[in-house]
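**Q** Need the 3D shape of this:
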Amino acid sequence: MTNMRAKLRLGSVIPLPDGAGGVAQERLSFHGVAASSYPADGSDENNTFAKFSPSAVFEIVVANPALIGEFTPGDTFYVDFTPVA
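**A** Numbering: from 1, shown residues only. As a prediction, this is how the structure comes out:
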């Protein structure tokens, strides 16, 4: 299997409380990149990603205290998928 790279935009961050008034975890929901319009020559990078991965939904719950509060909706990330032997 070949490695794959996706380009995802963070749609929402949902804090998950710890029961003591703090945040223990965050649920991050991502979707594939897209735009309402692209340059006529198709040169926009998001256009290339959308062409080959027209739909994507990815959700992860983060429990690492160093990462809580570090993600902002609208931010875009490359996500690399590498097979495990």
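
**Q** all contacts plus neighbour counts: C-alpha atoms, from now on.
**A** OK.

**Q** helix or strand right after the lowest-mean-pLDDT helix or strand in the chain?
**A** The least trusted helix or strand in the chain, going by mean pLDDT, DSSP states H and E, turns out to be helix 45-52, with a mean of 81. Note on helix 45-52: by DSSP states H and E, the next helix or strand toward the C-terminus is strand 57-62.

**Q** which strands and helices sit next to the next helix or strand after that next one?
**A** Going down the chain from strand 57-62, the next helix or strand is strand 76-81, by DSSP H and E. Secondary-structure packing of strand 76-81 (3 or more C-alpha pairs under 8 Å, 6 or more residues apart in numbering; DSSP states H and E): strand 4-17.

**Q** residues near residue 22, how many?
**A** When neighbours are defined as other C-alpha atoms under 10 Å, residue 22 has 10 of them.

**Q** ok, it to residue 69 distance?
**A** From residue 22 across to residue 69, the span is 12 Å (C-alpha to C-alpha, to the nearest Å).

**Q** residues making contact with the least confident helix or strand of the chain?
**A** For helix 45-52, the surrounding residues in contact (C-alpha atoms under 8 Å, 6 or more residues apart in numbering) are 6-7, 32-35, 38, 42.

**Q** Between these, which sits nearest residue 58?
**A** The closest of the contacts of helix 45-52 to residue 58 turns out to be residue 32 (C-alpha to C-alpha; 8.6 Å).

**Q** Quick one: low-confidence residue ranges for the chain.
**A** Residue ranges of the chain with pLDDT under 70: 36, 42.

**Q** In it, which residue sits furthest out from the middle?
**A** Within the chain, residue 20 marks the point farthest from the mean C-alpha position, 28.7 Å out by C-alpha atoms, centre = their mean.

**Q** which element is that one on?
**A** Going by DSSP H and E, residue 20 is not in any helix or strand.

**Q** So it versus residue 40, what's the distance?
**A** 53 Å.
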